[in-house]
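Student: Need the 3D shape of this:
(2 chains)
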There are 2 protein chains.
Amino acid sequence: MALNNPNPLGPWKITVYDQENFQGKRLEFTSACQNIMECGMDNIRSLKVECGAWAGYEHSSFCGQQFVLERGEYPYWESWSGSNAYHIERMMSFCPICSAPKEYNHKESKMVLFEKENFMGRQWEINDDYPSLQAMGWGNNEIGSMQIQSGAWVCYQFPGYRGYQYIMESDRHGGKYKHYREWGSHAQSFQVQSLRRIQQ
Amino acid sequence: MALNNPNPLGPWKITVYDQENFQGKRLEFTSACQNIMECGMDNIRSLKVECGAWAGYEHSSFCGQQFVLERGEYPYWESWSGSNAYHIERMMSFCPICSAPKEYNHKESKMVLFEKENFMGRQWEINDDYPSLQAMGWGNNEIGSMQIQSGAWVCYQFPGYRGYQYIMESDRHGGKYKHYREWGSHAQSFQVQSLRRIQQ
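Tutor: This is a model prediction of the structure:
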């Protein structure tokens, strides 16, 4: 098992199943899994997050499309993948989102949006959820760069928390995401139309 | 055109296209459309919300699956449908969400969750967004009934704003939704694992 993502802040627990609706082979994890196949499971078809917030990834080693997994039940892949630019049917690795605060610290999450890459252009400090950035006054459908000052955030390609997800954390990259190439291996453009805080 | 949903509170504008990526035949609306086919369009494949918040529906006359549409660009159906229990590829009717407040009134949105149908059992007053109700202390993956005291809300079947959507408004049904049968013609169970406010 990968140990490159220890859990310094608290308990995490996720239970994954190789069949839909919590059927079939079952495995429990309390820390990151770099490759579900190395644990003897070909695919994850359903899961339950019992503790903490997790990031799921399309490929092994935390690559490809990203999915936020908060506490609750996910009976089949569409319940976590949401809408995507192309269909994928698997989740091969996952890890705790360590900088996601608990509820009582949730309101302290803070980030700065920049109009242009490399922290240039117009900027906007936010500490709330935005299902439509344009409705809240952001001028276009793109964000050039971002600095996460505290907490963990997830940005989405489309309004209403749809499309590609980009998980951003204050304790990764020093919270600095200066170009979409740093948002994740699946990022193909600056397009972001909604974003929100992640909670434990 | 349907006139059963007048717009007393402000401007709404949505532009729909019969091809993906804002191509093909184009129509603009500032009020409800009960059946897109009566406007000479077979299907909506992309859309832009320019003003206000809208509810999209799978079938004509505001029936079937519901989709929240906030300001921004939706280049193809997956950008508004999100994940669904079954795939649908169309949106046949839509209307303004009149009770969705503007940003400056957004924090006044309020609703009460009830553990059991008909406003029975444990209750919880909320005025914030909850990507995971279980993470915030709600005991299970169901809500029995809801009373919307102000604003407009959208509830989702799965955590992280995934799965079936149920749009709830303070100015419909007197804000009372006493059983899942009142949540929409597509509702099949009490399962709700995330919910949030809708803004203009």
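
Student: ok, is the helix or strand bottoming out on mean pLDDT in chain A in contact with chain B or not?
Tutor: In chain A, no helix or strand scores lower on mean pLDDT, DSSP states H and E than helix A:78-81, which sits at a mean of 83. Yes - counting by C-beta under 8 Å from any C-beta of the partner chain, contacts between helix A:78-81 and chain B involve A:Glu78, A:Ser79, A:Trp80, A:Ser81. In this view, the C-beta of every residue, glycine as well, is placed from N, C-alpha and C.

Student: what's that helix packed up against?
Tutor: strand A:63-69, strand B:152-158, strand B:162-169 (3 or more C-beta pairs under 8 Å, 6 or more residues apart in numbering or on different chains; DSSP states H and E).

Student: quick one, which of those strands is packed in tightest?
Tutor: Looking across the helices and strands packed on helix A:78-81 with neighbours counted as mean count of other C-beta atoms under 10 Å in any protein chain shown, the highest average goes to strand B:152-158: a mean of 26.

Student: thinking again about what came up before, of the helices and strands packed on helix A:78-81, which is nearest A:Lys176?
Tutor: strand A:63-69 (17.9 Å; C-beta to C-beta).

Student: that older thread, how about the residues of helix A:78-81 next to chain B in TSV, adding distance to B:Cys39 and neighbour count?
Tutor: Listed next are the residues of helix A:78-81 next to chain B as TSV, based on distance: C-beta to C-beta, whole Å; neighbours: other C-beta atoms under 10 Å in any protein chain shown:
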residue	distance to B:Cys39	neighbour count
A:Glu78	31	22
A:Ser79	34	26
A:Trp80	36	27
A:Ser81	33	22
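
Student: partner residues bridging the closest residue to A:Phe22 other than its chain neighbours?
Tutor: Excluding its sequence neighbours, the residue lying closest to A:Phe22 (C-beta to C-beta, 6 or more residues apart in numbering or on different chains) is A:Ser46, at 5.1 Å. When assigned by DSSP bridges, A:Ser46 has beta-bridge partners A:Tyr17.

Student: Looks like A:Ser46 contacts A:Lys25 (just checking).
Tutor: No - if you go by C-beta atoms under 8 Å, A:Ser46 and A:Lys25 don't touch, sitting 11.1 Å apart.

Student: Between the two, tell me which one has more neighbours.
Tutor: Neighbour count, other C-beta atoms under 10 Å in any protein chain shown: between A:Ser46 and A:Lys25, A:Ser46 has more, with 22 against 14.

Student: Give me the local confidence score for the closest residue to A:Ser61 other than its chain neighbours.
Tutor: Sequence neighbours aside, A:Gln34 is the residue nearest to A:Ser61 in space, at 5.6 Å (criterion: C-beta to C-beta, 6+ apart). At A:Gln34, the model reports a pLDDT of 97.

Student: likewise A:Gly184?
Tutor: 89.
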